[in-house]
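Visitor: What follows is a predicted structure for the sequence shown.
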Amino acid sequence: MEILPSVPLHLLRHDSQCEKRICIIGAGPGGLAALKVISESTYFKSGKWSVIAYETREKVGGIWLPAPSVVGPDNVPMTPLYDSLTTNLPHPIMAYTSYSFPPETPLFPPAHVVQTYLESYAACFNLMSLIKFNTTVLDARWESAQWTVTLSDGGHFKYDHLIVANGHYHLPRIPELPGLADWMKNGRASHSAWYRKPDYLGDKILVVGGGPSGQDIAAEMCTVSSVVVHSVTAPGAMMNNTGNLIRRGRLTELKANGQVAFDDGTTEDNIDYCILATGFHMHFPFLEKASMINNKIPPDFPPLPSGELFNSTYHVFPLAKHLFPLQAQYPISSIAFMGLIIRVAPFPLMEAQAYTIVRAFSDPSSLDPIAETVDILNHADKIRRTGASTPLNIAKAWFRFDREDQWNYRDALYQFAQGSESGTPLIKVTKWEKELYDLKTELRSGWEDLEKSGDSREWLRDVGKNGVQDWVELMYRVAEYARSRKDLLEGL
């Protein structure tokens, strides 16, 4: 017999002594990291804190949990995950610091291996009982000194803290280009969120976007189409043509007759279909109804905008430590936004963020708004020195960390977290992580060669059984193999 079926177990279990109730939105990699770190803290173990994660889908995993390309409740697929996706980082660098992939896992595993890894992480650290599945947070608003959370099952609950971990690879970003709306209306263009495998869509296909998914999709479409035109915008991108792949610059127009134009004045005729690998919006619909966040590009600064939190769809601003909103509607430490940084090793970074969140939740005075404002202004100055001059360009660059930024940020998060009573380990980024992250392209190339030749299984034999050092040695071997192979090919 069900008693109060819609009441989360943690609200029943800890009522008498619970001082803080924490709500996590999402049980993907970020939400799981937060659950793990909070549930291991002394605050949770003593019953002073309770935590629950609400997950829209039926399992953990977020973006890594496959779904068909049919639309979900908000008219887009539940995940943009395509069938052939493999990681673009070696898994020893990608993994949570606290939990390695199993021995003999391929160095760049396919998505289903990552999904299994996340399920194993949740099981290993006993997180499943702290997650309510098939439940969407519809609304979250600060009122009467707490967050009121409205759920898709009709429930309304009060929480002291929110952790936003809903991911940022869900709502497709459709560029504003002359002619594109007509192409989409007429079924001649779609976003890569709907892409799953290389189906025949015509003899000549246009793929827009130079990121990992754009590169993968362009390569795959070459197997079913006579010609693939790949439009990229990154400065210095490889523009040489190979086989049936033609590389072009930034797309500027799509015409009704099938001709498309690029920013250098060149054109391509007879395009049958266009796939837009143009990224995704940051999207927090549950904070919009009560205006907890302003969906606009923030004005130019300094000074920082007074009292408001902005979502430009490229960044959330202003955030202390890229986590906590510096605004006046609710306490800075009452809510944290996880996993917004891009072009980084996300899992270990989000674990570091989780420890920082525990520190800030347990001791709100640990966040110094003045010092955090100075950090934000310094970050903006660094971005401006790279040439970003407008609020939009600053927004686009805000969370795009360079090679040293992510390591310094991670180390700083762990250093900050030491002030709490949670038993935070003082973890520092290792030399091998930095060196091998910079070699990720060479490592992937070398590993693909080993897989094609059938030698990868032998290279993997027993690797990982003696801990992470096995993986470090393997990666340096693969990097040397890739260098030697490149030298050999260049000498032919």
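Guide: Sure thing, it's come through. Numbers count the residues shown, from 1 in each chain.
Visitor: For the rest of this, base every contact and every neighbour count on C-alpha atoms.
Guide: Fine.
Visitor: The stretch 301-450 of the chain: strands as residue ranges?
Guide: 310-311, 316-317, 319-320, 324-325, 335-337 (DSSP state E, counting those that start in this stretch).
Visitor: Looking at those strands, which is nearest to P285?
Guide: Across the strands of the stretch 301-450 of the chain, the minimum distance to P285, taken as Cα to Cα, is reached by strand 310-311, at 10.9 Å.
Visitor: Verify the assumption that T150 is located in a strand.
Guide: Yes - under DSSP: H, G, I helix; E, B strand; the rest coil, T150 falls within a strand.
Visitor: How many residues are close by it?
Guide: 18 (other Cα atoms under 10 Å).
Visitor: which residues does it contact?
Guide: 137-140, 156-157 (Cα atoms under 8 Å, 6 or more residues apart in numbering).
Visitor: among the residues you listed, which two are most distant?
Guide: Between any two of the contacts of T150 (Cα to Cα), the greatest distance is 11.9 Å, for L138 and F157.
Visitor: just checking, what's the longest helix in this structure?
Guide: The residue-count maximum for a helix in the chain (DSSP state H) belongs to helix 468-491.
Visitor: Show me what counts as buried in stretch 359-376.
Guide: By 16 or more other Cα atoms under 10 Å, the buried positions in stretch 359-376 come out as 359-362, 367, 372-373, 376.
Visitor: ditto for stretch 476-490
Guide: Buried-residue list, stretch 476-490, by 16+ other Cα under 10 Å: 476, 478-479, 481-483.
Visitor: Roughly how far does I335 sit from I163?
Guide: 6 Å (Cα to Cα, to the nearest Å).
Visitor: what bits of the stretch 1-150 of the chain have low per-residue confidence?
Guide: Applying pLDDT under 70 to the stretch 1-150 of the chain flags residues 1-16, 72.
Visitor: At which residues are the helices of it located?
Guide: 9-13, 29-39, 42-45, 91-94, 111-124 (DSSP state H, counting those that start in this stretch).
Visitor: Out of those, which is closest to I394?
Guide: Here helix 29-39 is closest among the helices of the stretch 1-150 of the chain (Cα to Cα), at 24.9 Å.
Visitor: Direction-wise, compare the closest one with helix 111-124 and give the angle.
Guide: 20 degrees (axes from the mean of the first three to the mean of the last three Cα atoms, to 10 degrees).
Visitor: got a list of contacts for helix 29-39?
Guide: The contact list for helix 29-39, computed with Cα under 8 Å, 6+ apart, reads 24-25, 44-45, 51-53, 61-62, 118, 122, 125, 127, 130, 163-167, 338-339, 347, 350-351, 354-355, 358.
Visitor: do stretch 322-332 as well
Guide: The contact list for stretch 322-332 (Cα under 8 Å, 6+ apart) reads 142, 292, 306-309, 317-320, 333, 335-338, 340-341, 353, 364, 369.
Visitor: Could you pull out the buried residues of it?
Guide: 322-327, 330-332.
Visitor: what does stretch 102-114 give?
Guide: Across stretch 102-114, burial judged by 16+ other Cα under 10 Å covers 103-114.
Visitor: Need the residues you listed in a markdown table (columns: distance to N466).
Guide: Below are the buried residues of stretch 102-114 laid out as a markdown table (distance: Cα to Cα, whole Å):
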| residue | distance to N466 |
| --- | --- |
| P103 | 9 |
| E104 | 11 |
| T105 | 14 |
| P106 | 16 |
| L107 | 16 |
| F108 | 20 |
| P109 | 20 |
| P110 | 23 |
| A111 | 25 |
| H112 | 24 |
| V113 | 20 |
| V114 | 21 |
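Visitor: Quick check: the two most widely separated of the residues you listed?
Guide: Pairwise distances across those peak at 16.9 Å for P103 and A111 (criterion: Cα to Cα).
Visitor: what about E351, distance to D411?
Guide: E351 is 12 Å from D411, by Cα to Cα.
Visitor: neighbour count winner among those two?
Guide: Taking neighbours as other Cα under 10 Å, E351 and D411 compare with E351 leading, 28 against 16.
Visitor: Can you get me a residue count around the closest residue to the more buried one other than its chain neighbours?
Guide: Nearest residue to E351, sequence neighbours excluded (Cα to Cα, 6 or more residues apart in numbering): A33, at 5.2 Å. Neighbour count of A33, defined by other Cα under 10 Å: 29.
Visitor: got it, and V472?
Guide: A count of nearby residues for V472, using other Cα under 10 Å, gives 17.
Visitor: Show the contacting residues for the residue nearest to H191 when sequence neighbours are not counted.
Guide: In space, and not counting its chain neighbours, H191 is closest to L276: 4.5 Å by Cα to Cα, 6+ apart. Applying Cα under 8 Å, 6+ apart, we find L276 in contact with 174, 189-192, 207-209, 214.
Visitor: Y54 reaches I25, doesn't it?
Guide: Yes - between Y54 and I25 there is a contact under Cα atoms under 8 Å: 5.3 Å.
Visitor: Need the overlap of contacts for those two.
Guide: What both Y54 and I25 touch, as defined by Cα under 8 Å, 6+ apart, is the set V137.
Visitor: Comparing these two, which residue is more hemmed in?
Guide: Neighbours of Y54 and I25, each counted by other Cα under 10 Å, are more numerous for I25; the result is 25 against 22.
Visitor: can you pull the contacts of that one?
Guide: Each residue near I25 by Cα under 8 Å, 6+ apart is listed here: 31, 53-55, 137, 162-166.
Visitor: Kindly reformat the residues you listed as JSON lines containing distance to W147.
Guide: JSON lines is the format used below for those (distance: Cα to Cα, whole Å):
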{"residue": "G31", "distance to W147": "18"}
{"residue": "A53", "distance to W147": "14"}
{"residue": "Y54", "distance to W147": "14"}
{"residue": "E55", "distance to W147": "18"}
{"residue": "V137", "distance to W147": "12"}
{"residue": "L162", "distance to W147": "7"}
{"residue": "I163", "distance to W147": "11"}
{"residue": "V164", "distance to W147": "12"}
{"residue": "A165", "distance to W147": "16"}
{"residue": "N166", "distance to W147": "17"}
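Visitor: between those residues, which is nearest E40?
Guide: Closest to E40, out of all of those and judged by Cα to Cα, is G31, at 14.3 Å.
Visitor: What does the closest residue to Q327 other than its chain neighbours show for phi and psi?
Guide: Residue nearest to Q327 in three dimensions, not counting chain neighbours: G307, with 4.2 Å by Cα to Cα, 6+ apart. With angles defined as degrees, to the nearest 10, G307 sits at phi 90, psi -10.
Visitor: Distance of G307 relative to Y476?
Guide: Applying Cα to Cα to G307 and Y476 gives a distance of 49 Å.
Visitor: got it, and N241?
Guide: 31 Å.
Visitor: what do you get for Q259?
Guide: Taking Cα to Cα, one finds Q259 at 47 Å from Y476.
Visitor: quick revisit: from the chain's centroid, how far away is the longest helix of the chain?
Guide: Chain-centre distance of helix 468-491: 28 Å, with Cα atoms, centre = their mean, to the nearest Å.
Visitor: One more: stretch 324-335?
Guide: On Cα atoms, centre = their mean, the centre of stretch 324-335 falls 22 Å from the chain's centre.
Visitor: Repeat that for stretch 416-435.
Guide: Relative to the centre of its chain, stretch 416-435 is centred 21 Å away, using Cα atoms, centre = their mean.
Visitor: ok, and what's touching that stretch?
Guide: The contact list for stretch 416-435 (Cα under 8 Å, 6+ apart) reads 40-43, 93, 355-356, 358-359, 362-363, 407, 410-411, 414-415, 472.
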